[in-house]
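A.B. asks: Need the 3D shape of this:
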Amino acid sequence: MPFKIMLVDSDPANLRLLKSLFCEEYEVLSAASAGAALCVLAQHDVALLITEQRLPDMSGVELLKRTAAMRPHTVRIILTAFAETDALVEAINCGQVYRFVTKPWDGEDLQLTVARALQHYEMVKMRYEVGEANKRLAERLRATTRAVIRAISDTLEAKDHHVYGHARRVSGYSVAIGRRMRLSGGRLERLSLAALMHDVGKVATPDAILLKSAALTDEERATVRLHAVRGARLLAAVPEMEDVASAVRHHHEDFDGGGYPDGLDGERIPLASRIIRVADAYDAMTSPRPFRGALSHEEATEQLTKGAGTEFDPEVVAAFRELKALAKIRGSIARGDFGSQFLTVLKPVDLWKLDASELLRAVESEPALAASVLRAANTGHPDEETTASLAVACERLGAEALRDLIAQTSAGARVNYEAEVLRDHSLRCAMAARLLAEKTGALDPDCAYTAGLLHDLGDALLRSHFPEEAEKIIWLGHPFRIEKEVATFGVDHAQVGQWILDACGVPARLALAVQTHHDVTLINDPASLLLHVADAVASAHDSSEVASLDAFTPDRLELLGLRRADLARVHEHITEKVGERFDGVAA
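C.D. replies: So this is what the prediction gives:
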């Protein structure tokens, strides 16, 4: 197939002469002005563009500058009869002009110049295509790496939910610290992976040790310590994961050289490992385990500060202490404030006359109120088994205590449209979760309703305390929103949601479902998957949209025993029920 070349000259005689030189060997396009040439170039990918300098609507150099963005691989030659060498030399130096030829031209010389220009075009095009092929190969390699990481994460999640949740948090803290230490994007990506995988070696740790509810013996601790080396060996087998493997190997090294496995100290320890060391220790201290309680944010930060220079890198600890948003989030949850400034609770009319069923209905319609009721019912009655059922919680508190709690929690009239949207979505998600639980048996229906109602409380809390920052983030889609939240607050809203449910005393499985319900590629737990599906159904505008959502892959639906038609019916039902509720309120 012949090369396609473009000729631009305002003199018809010159155009005829140029066409006669090239029409036998090449496919020739022509234009008498720059504007006409741009229109042609918008439709044709030409190998070579030859233009004169003096055109009626713009200079030839200006035309070539514009075409450089449109057709970056096109080779450009300019014809000139004038001594405008400065502009031409600048254009050549900027890569916008391959050659310039003076008028009147020599036909044989111009043909030879064109032949060489087209050889240059072939070389540039081939180099570009090789570069694009390399990019595709690199992306495939990254995709393969991510698939391996997902598979490992799935294995880790299946073995111990706590280890998986811990890894997500450590990854978030590590990235937030790395950003404050001004690490580059590439280093942050590797840090995130290393932090997510830092405990992957525990896959080989016996369950009897890993899941032990009591403190470990010296021999058992020695066995657990092997996980750093095992994890590094596993990751070193994955292409381009050498830095990640090294960070995993050394994430238990102490700054003074007293750690393991190699006793490295100071800057001999990879920076990623030093960051993970702090993030890992913080999360371990602030997370309750069967054999010990959790420290508050302030207590854990104090312990990190005490260990700076011995266990921890002082600079990393200082960067962690700058995560002010994390302290504010933790403090709010500890006080029992779950986003009340944004998601305000409206005091029911005739509160003191409502009977038990009417009180329950009020609680089931207000996410922030429901969380407060669960917290009061679970923490205020330590002798009774914790519950995630709002009906059980309300019964446990009794009507009088419930009315007092609603009165204390309620604020003035609601005027925040965005809060109403979030409340409406939470209510729809709760109804969808209950219906899906009834159909699948993946979760107790009352517990499913609670998970759906409270799943976005983390979002409400972030919007309460950081309205300006949150406003810039909420419009992003997943996973970009999650990444931006971690970068801004040190934690994402789903993790905040888990902390809220933990503070409410609900069973750990339900809190984990809230934490992981956005991670569709990592969801193996039916409760998490059910909440993910309920959230997507509640977000859909109509039933036909539900039936076509890409998120519902056959294998995921099969795991729950669902069909797309089931989801469409759930959507129709919740739309009808939400309308009935609002009609009842209006009446």
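
A.B. asks: lowest-confidence helix or strand of this protein?
C.D. replies: Every helix and strand of the chain was ranked by mean pLDDT, DSSP states H and E. The lowest is helix 85-93, at a mean of 59.

A.B. asks: All the strands of the chain, in order from the start?
C.D. replies: Ranges of strands in the chain, per DSSP state E, are 4-8, 27-31, 48-52, 75-80, 99-102, 345-346, 410-411.

A.B. asks: Next, the buried residues of the fifth one.
C.D. replies: Within strand 99-102, the residues that count as buried by 16 or more other CB atoms under 10 Å are 99-101. C-beta here means a position set from N, CA and C on the backbone, and glycine is covered the same way.

A.B. asks: partners of it in the sheet?
C.D. replies: Based on DSSP bridges, the pairing partners of strand 99-102 within the sheet are strand 75-80 (parallel).

A.B. asks: what's in contact with the strand it pairs with?
C.D. replies: Strand 75-80 is contacted from outside by 9, 47-54, 60-61, 64, 67-68, 88, 91, 96-103, 105, 113-114, 117-118, 120-121, 124, using CB atoms under 8 Å, 6 or more residues apart in numbering.

A.B. asks: Surely Ser273 is in contact with Ala247?
C.D. replies: Yes - Ser273 is within contact range of Ala247, at 4.9 Å (criterion: CB atoms under 8 Å).

A.B. asks: any idea of the pLDDT on the nearest residue to Arg180 once chain neighbours are set aside?
C.D. replies: Closest residue to Arg180 apart from its sequence neighbours, by CB to CB, 6 or more residues apart in numbering: Ala319 at 4.4 Å. Note on Ala319: pLDDT of 94.

A.B. asks: Contact partners for Ala319?
C.D. replies: 177, 180-181.

A.B. asks: count of neighbours near the closest residue to Leu323 other than its chain neighbours?
C.D. replies: Excluding the flanking residues, the one nearest Leu323 by CB to CB, 6+ apart is Gly490, at 4.5 Å. Neighbours of Gly490 under the rule other CB atoms under 10 Å: 26.

A.B. asks: how much space is there between Gly490 and Leu271?
C.D. replies: 18 Å (CB to CB, to the nearest Å).

A.B. asks: and what of Ile473?
C.D. replies: 27 Å.

A.B. asks: So for the two, which residue has more residues nearby?
C.D. replies: The residue with more neighbours, out of Ile473 and Leu271, is Ile473; 22 against 17, by other CB under 10 Å.

A.B. asks: Check what pLDDT that one gets.
C.D. replies: Checking the pLDDT column for Ile473, the value is 86.

A.B. asks: Please tell me I have it right and it contacts Ala487.
C.D. replies: No - Ile473 lies out of contact with Ala487 (CB under 8 Å); the separation is 9.5 Å.

A.B. asks: Touching, Gln515 and Asp492? I think so.
C.D. replies: No - taking contacts as CB under 8 Å, Gln515 lies outside contact range of Asp492: 9.2 Å.

A.B. asks: count of neighbours near the nearest residue to Leu193 once chain neighbours are set aside?
C.D. replies: For Leu193, ignoring the flanking residues on the chain, the nearest one in space by CB to CB, 6+ apart is Val244 at 5.1 Å. Neighbourhood size, Val244 [other CB under 10 Å]: 27.

A.B. asks: Surely Val244 touches Ala195?
C.D. replies: No - judged on CB under 8 Å, Val244 makes no contact with Ala195 at a distance of 9.5 Å.

A.B. asks: and the gap between the residue nearest to Leu193 and Ala538?
C.D. replies: 37 Å.

A.B. asks: go on, Ile78?
C.D. replies: Taking CB to CB, one finds Ile78 at 61 Å from Ala538.

A.B. asks: And Val496, by the same measure?
C.D. replies: 19 Å.

A.B. asks: Return the residues in contact with the closest residue to Val496 other than its chain neighbours.
C.D. replies: Using CB to CB, 6+ apart and skipping the chain neighbours, the partner closest in space to Val496 is Gly458 (3.2 Å). Contacts for Gly458 (CB under 8 Å, 6+ apart) come out as 492-500, 514.

A.B. asks: Do you have the helices of the stretch 51-200 of the chain handy? List them.
C.D. replies: 60-70, 85-93, 107-159, 161-180, 185-196 (DSSP state H, counting those that start in this stretch).

A.B. asks: comparing the ones you listed, which gets the lowest mean pLDDT score?
C.D. replies: Across those, helix 85-93 gives the lowest mean pLDDT, at a mean of 59.

A.B. asks: Only the buried subset of the contacts of strand 75-80, as a ChimeraX command please.
C.D. replies: Buried residues within the contacts of strand 75-80, by 16+ other CB under 10 Å, are selected in ChimeraX with:
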select :9,47,48,49,50,51,52,53,54,60,61,64,67,68,88,91,96,97,98,99,100,101,105,113,114,117,118,121,124
